[in-house]
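Participant: sequence and predicted structure are below.
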Amino acid sequence: MPKKLQRKLSVQKASPAPAAQKNGTPSGGGFSFGGKRVTAKVLANFTNQLAVLLNAGIPIAKSLRVIEGQLPPGPMKRISSGLVEEVEGGTPLSEAMAKHDSVFDPLYTNMVRAGEAGGVQEEILNRLSGFLEQSESIKSRVKGALAYPIAILVVAIAVLALIFIFVIPRFRSVFESMGQGGAMHWTTETVIQVGEHLQGNWWIYLISIVLVVALHRVLMVKVFGYRSAMHKLALRMPLFGNLVHKSMVARFARTFGTLIQSGVPHLDALEILVASTSNVHMKSAVGSVQASIKEGAGFAVPMGESRMFDDIVVNMVDVGEQTGELDRMLQKVADRYEVEVDRTVETTFKVIEPILLVVMAVVVGFIVFALFMPLLSMMQNLKR
């Protein structure tokens, strides 16, 4: 962004609390409003349409009215109606959006405010639209990579549980009627005992799972030490830890670079990042960078000391800071890491699929072997 434009921009300081979480979930995957959700795709489309209309020379209030008329009934239509009323009453668009902070988070409103101050609102909204689409794309890829093995495991466990509860216990009476109930092979006895135990106590395990999940959710919100441990575990998980880490670095670089490119001051941009970052270790790393900038130091040292950023990222940021092209370097970092995320997702799928197949084959094979042993024993007795 030209220096002349940067001098014109005056952006209010972002709230230290994650305002996007006040009335709903933070931006990225969806936004709560009146019990419903405004998805990131809907918000990106709204932003893109508003940029197109403003670029055509249509006033803000009329542009919002046009978009409101095109939207189907739902939360986004109600929000657009509220924005129209606010803007027509003389309220700046950024302030009107800030009142709907469950949808327009501090990052969004600060960028719109920067566009208002610099007279480049159309450009900022175009940039916002692209940022939202890229952010949602990388988040969906990471979620897909994490959800796939979880979904497979849940389905496999559910099917096995049904087999153990409703099918396997019946085999004892079948084997006894065949004269094979006395001294069954240990594998057969083990499988049948497990089935009988689950048949009588399945509700205990079901309640326990529900309680563990509920306790986990409460601890993640209430206990910082537990949340920190879980976030560290997420970063150290085999296969997935690397994917989570790269996606966080990509999001940091993309968000920070977009904010700076839009004219948001460095400290305000870092404060928005601290508020919008969910992982406590990345939040701590960004906080260290923010403290360093407040003291008049640079970005490179605290980023390197945090161990959340590798040497390539640190060096690129350092070069960008020295050359006055920090926003461009951050965008390059984001591009590089988003490509790495794609590669990691592809590799993860290739590794997980055979592992899951082998595990399922071993479990099913053991069950089949256990249930086949009494039949084999009966056949041997008949031959005698």
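Facilitator: Yep, it's here.
Participant: Three-state assignment for residue 127, please.
Facilitator: Using DSSP: H, G, I helix; E, B strand; the rest coil, the secondary structure recorded for residue 127 is helix.
Participant: count the neighbours of it for me.
Facilitator: For residue 127, the tally of surrounding residues (other Cβ atoms under 10 Å) stands at 19. Where C-beta positions appear, they are placed from N, C-alpha and C, glycine not excepted.
Participant: strands of the protein, start to end?
Facilitator: Counting by DSSP state E, residue ranges of the strands within the chain are 30-33, 36-39.
Participant: same for the last one, what does it pack against?
Facilitator: Secondary structure elements in contact with strand 36-39, counted by 3 or more Cβ pairs under 8 Å, 6 or more residues apart in numbering; DSSP states H and E, are strand 30-33, helix 75-88.
Participant: so who does the closest residue in space to residue 111 that isn't next to it in sequence touch?
Facilitator: Of all residues beyond its chain neighbours, the one nearest residue 111 is residue 262 (4.6 Å), with distances taken as Cβ to Cβ, 6 or more residues apart in numbering. Counting by Cβ atoms under 8 Å, 6 or more residues apart in numbering, residue 262 touches 1, 111, 114-115, 124, 127.
Participant: pull the most distant pair out of those.
Facilitator: 1 and 111 (12.1 Å; Cβ to Cβ).
Participant: in terms of neighbours, single out the busier of those two.
Facilitator: Legend: neighbour count by other Cβ under 10 Å for residue 1 and residue 111, higher for residue 111 (28 against 15).
Participant: now do the contacts for that one.
Facilitator: When contacts are counted by Cβ under 8 Å, 6+ apart, residue 111 is found next to 124, 127-128, 258-259, 262, 264.
Participant: cool, and residue 305?
Facilitator: Contact analysis of residue 305 by Cβ under 8 Å, 6+ apart lists residue 288.
Participant: would you mind measuring from it to residue 75?
Facilitator: As judged by Cβ to Cβ, to the nearest Å, residue 305 and residue 75 stand 43 Å apart.
Participant: do the same with residue 348
Facilitator: Here the distance between residue 348 and residue 75 works out to 34 Å (Cβ to Cβ).
Participant: same question for residue 284.
Facilitator: Using Cβ to Cβ, we find residue 284 at a distance of 34 Å from residue 75.
Participant: so which residues of the stretch 201-350 of the chain form helices?
Facilitator: In the stretch 201-350 of the chain, helices defined by DSSP state H, counting those that start in this stretch lie at 224-236, 240-261, 266-276, 280-294, 300-306, 311-323, 326-383, listed in chain order.
Participant: ok, residues contacting the fourth one?
Facilitator: Defining contact as Cβ under 8 Å, 6+ apart, one finds that helix 280-294 is touched by 224, 227-228, 231-232, 235, 248, 252, 266-267, 270-271, 273-274, 277, 298-299, 301-303, 305-309.
Participant: tell me the mean pLDDT for it?
Facilitator: Averaging pLDDT along helix 280-294 yields 91.
Participant: picking that back up, which of the contacts of residue 111 ranks first by neighbour count?
Facilitator: When neighbours are counted as other Cβ under 10 Å, the busiest of the contacts of residue 111 turns out to be residue 259, with 28 neighbours.
Participant: check contacts around that residue.
Facilitator: Contacts here follow Cβ under 8 Å, 6+ apart; on that basis residue 259 touches 107, 110-111, 268-269, 272-273.
Participant: rebuild those residues as TSV, extending it with distance to residue 378 and pLDDT.
Facilitator: Rendered in TSV, the data for the contacts of residue 259 read as follows (distance: Cβ to Cβ, whole Å; pLDDT from 0 to 100):
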residue	distance to residue 378	pLDDT
107	70	85
110	76	86
111	75	86
268	78	88
269	75	89
272	72	88
273	69	89
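Participant: now, the most widely separated pair of the residues you listed?
Facilitator: Looking at those by Cβ to Cβ, the two members farthest from one another are 111 and 273, with 13.0 Å of separation.
Participant: so where is the stretch 1-150 of the chain shaky, pLDDT-wise?
Facilitator: Low-confidence segments of the stretch 1-150 of the chain (pLDDT under 70): 1-36.
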